[in-house]
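> Fold the following for me, if possible:
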Amino acid sequence: MKKHLIWKLLLNFIPIIGVTILVVWLAIDHLAATYFMSLMEHYSIEPHDSHRMFIEAVHRYLLWATVAAIILALALSYLLTKRVLRPLSQMTRISQELAAGRFSNRVEVVSEDEVGQLGDAFNKMADSLEQLEGLRKSMVTDVAHELRTPLTNLRGYLEGLSDAVIAPDTETFHMLEKETLQLVHLVDDLQQLTKAESAQAFLHRQTLPVAALIEQLLPLFKLRFQSKRISVTVQIDPPELSLSGDLDKLLQTLRNLLENALRYTPEAGQVVISGTQKDNMIEIAIANTGHGISSSDLPFIFERFFRADRSRSREHGGAGIGLSIVKQLVEAHGGHVGAESQNGLTKVWLKLPV
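Numbering: from 1, shown residues only. All right, here's what the predicted structure looks like:
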C-alpha cells in the first residue's frame, strides 16, 4: 500500500479528520456541556443525570458521525484523487512503452493545473524522443548507404584485379582513389561535426568585417560557380558591417553554406549573399535559386545526415552533415540559424551577436 501515491494521499486525510473530531469533542465537553449545565440550573432542574445523558448521547452520535465522515471522505477523496492522478498513471505506462521503443502513445491532458502542465511537458518530451529516434534510424541508414556504395565498388574493383578480370591501368586506380576519397570525406565530415559540437570552449574571438570574410571565400568557389554559369551577388549593408567571432570557425560556416548553395543551384542560376544588422544581431544570408525545399523537410535540414532529396544524394555528394556543422558553430558563438524556401528560392541565414 505504501508504494501507491493514492493511498498515501488518502491516509493524509485521516489525521485531518481526527483532529477535527477531537476539537469538536473537546468543544462539546467544555463549552456545550457547560452551557447545558447553566441552562439546567437556570430552570432549577437537577443537572447531573441530564448532563451525563446529554454527554453520552452527544459522544455516541459523534462517534457514528466520525465513522460516516471518514468513510464518505475516503470514498470521495479516492474518486477525486484517482482522477487527478490519472495522467501520472498514464505517464508511468507510456514511459515504459518509450523505454521499449514504442513512441506512438501520449498522455491525455484534462486539466491546466500542475499535473496538466506536467502532462503537456511529458507529451513534448515524447514528441522529441520520437523525432530523435526517427533521425537516429535515418542516420544509421544513411551512414550504411554512404559506406556501402564506395565499399561495394572497392570490393568489386579489387576482386576484378585479383581475378585478372580488370586491367591494373591508370583508369582503374583512378576509380579506386575516387571511392577511397569519398570514404575519407565522410570520416572528415564526422570529425568536423564532433569538433563543432565542442567549439564553444575553443573560440578565439576577434572583430571581423563581414565583407572581408566573403571576399576571402569567394575566390575559392569562383571557377566552380563559373563552370555552372551561376551569377553571385554580394550585398553588405553597411559595407563596414563587423561582428565578433572566431575567424576559422566562421570561415568554415560560410564555406559550408556556399558549398551547399553551389551544389543545389542549377545551371545559370543565381546566388545572393547578404549581410545586415538587425538590432544587436548580424544576419548573414545566402539565397539561391533552384527546386527549393518542401515545408515538411525544412525544419529538419540542420539535423545531421538529413537530406531533403535522398534520391539525388550520390549525384550531389555530401553526407548531410554540412548544415549540422553550421548550426553547431553558430550556436557556439551565441547565435542561431534558420532557413526558408518558397517560389523556387531557398534562403539559409545565420544570426550572430554584434
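> Next, count neighbours for Thr289.
Using other CB atoms under 10 Å, Thr289 has 20 neighbouring residues. For every residue, glycine as well, the C-beta is placed using N, CA and C.
> Quick one: residues contacting the nearest residue to it once chain neighbours are set aside.
Nearest non-adjacent residue to Thr289, counting by CB to CB, 6 or more residues apart in numbering: Gly269, 4.4 Å away. The neighbourhood of Gly269, defined by CB atoms under 8 Å, 6 or more residues apart in numbering, consists of Lys228, Ile230, Ser231, Asn288, Thr289, Gly290.
> Just give me the neighbour total for the last one.
I take that to be Gly290. Number of residues near Gly290 (other CB under 10 Å) recorded here: 17.
> which residues touch it?
By CB under 8 Å, 6+ apart, Gly290 lies in contact with Tyr264, Thr265, Pro266, Gly269, Gly344, Thr346.
> out of those, which are buried?
Buried residues within the contacts of Gly290, defined by neighbour count using 16 or more other CB atoms under 10 Å: Tyr264, Thr265, Gly269, Thr346.
> The first one and Ala121: what is the separation?
Taking CB to CB, to the nearest Å as the measure, Tyr264 falls 38 Å from Ala121.
> returning to what we had before: just the ones of the contacts of Gly290 in helices?
Residues of those located in helices (DSSP state H): Tyr264.
> List just the nearest of the contacts of Gly290 to Ser242.
Nearest to Ser242, judged by CB to CB, of those is Thr346 at 26.9 Å.
> Just the pLDDT for the closest one.
The score at Thr346 is 93. That number is its pLDDT.
> Just the pLDDT at the residue nearest to Thr289, thanks.
The model's pLDDT for Gly269 equals 93.
> what's the domain layout of this protein?
Domain assignment of the chain by automatic domain parsing yields the ranges 5-105, 203-353.
> can I get those in CSV with distance to Glu114?
Below are these laid out as CSV (distance: least, CB to CB, whole Å):
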stretch, distance to Glu114
domain 5-105, 10
domain 203-353, 30
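> Buried deepest among those domains, which one?
domain 203-353 (a mean of 17; mean count of other CB atoms under 10 Å).
> That one spans what distance, first to last residue?
Using CA to CA, to the nearest Å, the end-to-end distance of domain 203-353 comes to 14 Å.
> returning to what we had before: dihedrals phi and psi, the residue nearest to Thr289?
phi -90, psi -170 (degrees, to the nearest 10).
> what's the next secondary structure element after the helix-or-strand element of the chain with minimal mean pLDDT?
Lowest by mean pLDDT, DSSP states H and E among the helices and strands of the chain is helix 313-316, with a mean of 47. Downstream of helix 313-316, the next assigned helix or strand under DSSP states H and E is helix 322-332.
> what helices or strands is that next one leaning on?
Applying 3 or more CB pairs under 8 Å, 6 or more residues apart in numbering; DSSP states H and E, we find helix 322-332 packed against helix 170-197, helix 247-264, strand 336-342, strand 345-353.
> Could you give the separation of it from the chain centroid?
Helix 322-332 has its C-alpha centroid displaced from the chain centroid by 16 Å (CA atoms, centre = their mean, to the nearest Å).
> orientation of that helix relative to helix 170-197 in degrees?
On the basis of axes from the mean of the first three to the mean of the last three CA atoms, to 10 degrees, helix 322-332 is oriented at 30 degrees to helix 170-197.
> Can you check what angle separates helix 322-332 from strand 336-342?
Angle, helix 322-332 to strand 336-342, by the same axes, to 10 degrees: 140 degrees.
> quick one, helices of the stretch 51-200 of the chain?
Using DSSP state H, counting those that start in this stretch, the helices of the stretch 51-200 of the chain run over 114-162, 170-197.
> can you redo the ones you listed as TSV with mean neighbour count, mean pLDDT and distance to His204?
As requested, the helices of the stretch 51-200 of the chain are exported to TSV (neighbours: other CB atoms under 10 Å; pLDDT from 0 to 100; distance: least, CB to CB, whole Å):
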stretch	mean neighbour count	mean pLDDT	distance to His204
helix 114-162	14	78	31
helix 170-197	14	75	14
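> what about the most centrally placed residue in the chain, distance to Gly101?
Against the mean C-alpha coordinate of the chain, by CA atoms, centre = their mean, the closest residue is Ser128 at 4.9 Å. For Ser128, the distance to Gly101 equals 15 Å [CB to CB].
> re earlier: now distance to Gln252 too, for the helices of the stretch 51-200 of the chain, in TSV please.
Shown next, in TSV, are the helices of the stretch 51-200 of the chain (distance: least, CB to CB, whole Å):
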stretch	distance to Gln252
helix 114-162	21
helix 170-197	8
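> I'd like the average pLDDT over stretch 74-89.
73.
> Can I get it as CSV, trimmed to CA atoms?
Provided in CSV are the C-alpha atoms of stretch 74-89 (Å, rounded to 0.1, in the frame of the first residue of the first chain):
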residue,chain,number,x,y,z
LEU,A,74,-12.2,8.5,1.8
ALA,A,75,-14.7,7.5,-0.9
LEU,A,76,-14.9,10.9,-2.4
SER,A,77,-11.2,11.6,-2.0
TYR,A,78,-10.4,8.3,-3.6
LEU,A,79,-12.5,9.1,-6.7
LEU,A,80,-11.3,12.7,-7.0
THR,A,81,-7.6,11.8,-6.3
LYS,A,82,-7.7,8.9,-8.8
ARG,A,83,-9.0,11.3,-11.4
VAL,A,84,-6.2,13.8,-10.6
LEU,A,85,-3.5,11.1,-10.6
ARG,A,86,-4.8,9.5,-13.9
PRO,A,87,-2.2,11.4,-16.0
LEU,A,88,0.6,10.2,-13.7
SER,A,89,-0.5,6.6,-14.2
